[in-house]
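> kindly generate the corresponding structure for this input.
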Amino acid sequence: MRVDIISGQQPGPATGSRAGLAVFDSAEAPADPALLTRVREGTETADLAAPPVVLPDFCHKGKSEMPSSIAVATRGAIRPALTDAALNCGMALAVLDVPRPSTAAVEEFYRRVRQRYPDPPRWRFELSRAEVLRAAVEGARFSAERFGVDASDVDRIEEFGNLPVEEYGGAHRARRELPWICIQLARLRFGGIGPSTHFLELQEVEEVLEPGIASLLGLHQGQVTLQYHNGGGVLTGQLGELYARRLAASRQLRAEMAVQKPLSHLLRAGTLAEARQRYALYFRHGCPSVPIAGEEGRRMLLAQRLAMNYGFAYRLATYASLRTFVRLSFGASLRLVVDSPHNSVYEELVDGEPAFVHRHNAARAWTAEMMPGHPAFARTGQPLLVPGTNRTSSFLCVPAPRAHRSLYTACHGTGSIISDFERSGRSGPDPLHRHTLRFTYDHAAPRQVPQLDDAGVDAALAVLSSNELVRPVVRLRPFAVLS
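Below you'll find the predicted structure:
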């Protein structure tokens with residue numbers, strides 16, 4: 001395994017940035033040189049606080065400006081293109097307190113999930129306008145109160161599911177800045193899973209690799225777990241397009257923003273110079289950097305935090321529904337182990353100074369030393385998921401001592417490496433001939449899908465663990481999935 005520092009164009013004398021990319025890959029799973037060039041070109045004009053980080057599962061999705069599995073730290077500005085258009089897409093892991101349920105019970109569970117969260121979704125209001133504002137301002141606290149979620153579960157959410165907004169104008173300014181149409185659309189579909197890369201997977205703890213840490217996190221051999229990946233809800237995508245011109249915007253969203261963006265940014269500008277600045281920042285392709293100093297920076301930071309908070313509230317609402325379905329279908333209780341976003345922008349210290357760390361399809365990996373006094377993670381650091389696919393195992397990990405080398409970041413999955421291993425013949429059928437019961441949203445009968453061996457996911461994890469970025473705690477084996 002290796003960490004390559006790849007030279008790039010030398011920065012100008014006034015930028016203060018550092019050249020190069022920190023690339024975590026291996027001979028088995030090398031980073032694509034063309035995509036490395038794309039990252040270098042996409043960050044060369046940014047005021048970098050550290051070399052951009054490239055992690056395993058490095059790939060490019062067509063509707064993203066930048067490749068997945070990167071972390072980029074900038075000084076004094078946020079660059080929207082360095083993360084996803086919709087902030088706070090994330091994953092969570094929860095544990096059940098019963099043995100593996102019967103097939104009939106599993107089918108009943110997924111029937112309830114699809115009934116509550118159909119695809120395509122129903123168009124009906126689930127929140128009031130005031131509740132949308134509360135979700136955006138209060139984050140997970142709103143959903144915990146609304147749906148009766150225990151405080152111990154909220155402790156397991158990154159940042160406790162809330163980024164304070166008071167210093168940027170608080171609830172009063174949120175009411176003024178959030179457009180009416182964005183709030184109305186955010187009243188719909190509060191919670192959900194959804195198809196494509198999002199999933200809801202039942203698993204068992206197949207192997208305990210770090211017994212002491214597993215015990216601290218409440219995990220043991222043979223335990224049934226529930227892992228899910230979903231977005232942050234309608235409001236996150238709305239704000240993402242409102243404050244940048246993004247490739248991911250649908251035709252419907254573009255039509256909406258063709259009207260809303262001039263109203264929000266240009267007609268409300270106090271001066272012609274301010275209107276010109278906003279036009280340059282939010283209407284042009286390329287998602288330029290938004291300087292944080294000044295009033296426009298405060299608007300951007302408020303929008304970013306409102307989006308993150310709404311995403312935390314949205315995913316906790318999903319957890320509350322899943323908790324009900326687990327009780328009704330399995331006669332079990334559900335307890336959250338960890339919930340963390342993998343599309344985020346946080347202000348963090350880099351080399352001892354404040355910076356904005358953009359993570360695109362990559363999860364934060366804070367060590368125990370960074371979380372003193374945390375009610376759940378003070379002794380373990382914040383756990384993070386390194387999923388495979390529904391045909392392979394996945395891992396729950398904790399940060400390792402040298403996580404700072406990757407800006408305290410790990411990849412959020414290993415799917416592209418698994419696919420590459422299967423295509424190249426380096427991975428084949430599971431030697432134990434196991435299957436995953438796969439459910440879909442078309443309500444067809446579930447199919448038994450043959451599993452693969454773990455060569456691909458193990459290769460990706462080896463890059464992270466050999467570089468001391470993460471330590472695997474348990475291996476999780478899927479037995480059913482909705483995707």
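> quick one: residue 92 and residue 426, what's the gap?
Note on residue 92: its distance to residue 426, by C-beta to C-beta, to the nearest Å, is 31 Å. Using the backbone N, CA and C atoms, a C-beta is placed for each residue, glycine as well.
> same deal with residue 314?
From residue 314 to residue 426 the distance is 38 Å (C-beta to C-beta).
> the more surrounded of these two?
Per other C-beta atoms under 10 Å, whichever of residue 314 and residue 426 has more neighbours is residue 314, with 28 against 14.
> that one: which element?
Residue 314 belongs to helix 295-330 when assigned by DSSP states H and E.
> next SSE after that helix?
Later in the chain than helix 295-330, the nearest helix or strand by DSSP H and E is strand 334-341.
> hang on, the earlier thing: mind checking how far the helix holding residue 314 is from the chain centre?
Computed by C-alpha atoms, centre = their mean, to the nearest Å, the separation of helix 295-330 from the middle of its chain amounts to 11 Å.
> next, the angle from it to strand 334-341.
Going by axes from the mean of the first three to the mean of the last three C-alpha atoms, to 10 degrees, helix 295-330 is angled at 150 degrees with respect to strand 334-341.
> tell me which residues of helix 295-330 come out buried.
Judged by neighbour count (16 or more other C-beta atoms under 10 Å), helix 295-330 contains these buried residues: 296-297, 299-323, 325-326, 329-330.
> tell me the strands beside the longest strand anywhere in the chain, with direction?
Longest strand of the chain, by residue count under DSSP state E: strand 470-482. Strand 470-482 pairs in its sheet with strand 199-208 (antiparallel), strand 394-399 (antiparallel), strand 435-439 (parallel), by DSSP bridges.
> out of these, which one sits most buried?
Stretch with highest mean neighbour count among those: strand 394-399 (a mean of 27; mean count of other C-beta atoms under 10 Å).
> render the CA-only coordinates of that one in CSV, please.
These are the backbone C-alpha positions of strand 394-399, laid out as CSV (Å, rounded to 0.1, in the frame of the first residue of the first chain):
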residue,chain,number,x,y,z
SER,A,394,-19.5,-4.6,4.9
PHE,A,395,-17.4,-3.2,7.8
LEU,A,396,-17.9,-1.0,10.8
CYS,A,397,-14.7,0.8,11.6
VAL,A,398,-13.2,3.3,14.0
PRO,A,399,-10.6,5.9,13.2
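> one step back: quick one: the longest strand of the chain to chain centroid distance?
Put simply, strand 470-482 sits 17 Å off its chain's centre (C-alpha atoms, centre = their mean).
> all helices for the stretch 1-150 of the chain, in order.
Ranges of helices in the stretch 1-150 of the chain, per DSSP state H, counting those that start in this stretch, are 33-43, 103-116, 129-138, 140-147.
> how about those helices in a markdown table, adding distance to residue 277?
Below are those laid out as a markdown table (distance: least, C-beta to C-beta, whole Å):
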| stretch | distance to residue 277 |
| --- | --- |
| helix 33-43 | 22 |
| helix 103-116 | 44 |
| helix 129-138 | 25 |
| helix 140-147 | 33 |
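> among those helices, which is nearest residue 409?
Closest to residue 409 of these is helix 33-43 (C-beta to C-beta; 13.9 Å).
> quick revisit: could you dump the helices of the stretch 1-150 of the chain to CSV with mean neighbour count, distance to residue 63 and mean pLDDT?
What follows is the helices of the stretch 1-150 of the chain, written out as CSV (neighbours: other C-beta atoms under 10 Å; distance: least, C-beta to C-beta, whole Å; pLDDT from 0 to 100):
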stretch, mean neighbour count, distance to residue 63, mean pLDDT
helix 33-43, 17, 15, 95
helix 103-116, 16, 26, 97
helix 129-138, 22, 24, 98
helix 140-147, 21, 28, 98
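> residue 411: which of these is closest?
Closest to residue 411 of those is helix 33-43 (C-beta to C-beta; 13.8 Å).
> give me the helices and strands touching that closest one, please.
The contact analysis (3 or more C-beta pairs under 8 Å, 6 or more residues apart in numbering; DSSP states H and E) places helix 33-43 against strand 21-25.
> for the strand it packs on, packing partners?
strand 2-6, helix 33-43, strand 53-54, helix 455-466.
> name the residues that touch the shortest one?
To tie it back to what came earlier, the one meant is strand 53-54. Residues from elsewhere that reach strand 53-54 (C-beta atoms under 8 Å, 6 or more residues apart in numbering): 21-25, 31, 36, 39, 67, 69-72, 362, 406-407, 409.
> and what of stretch 165-181?
132-133, 136-137, 238, 242, 256, 260, 263-264, 298-299, 301-303, 305-306, 309.
> if you set the cut-off to 6 Å instead, what comes out?
By C-beta atoms under 6 Å, 6 or more residues apart in numbering, the residues outside stretch 165-181 that reach it are 137, 260, 264, 298, 301-302, 305-306.
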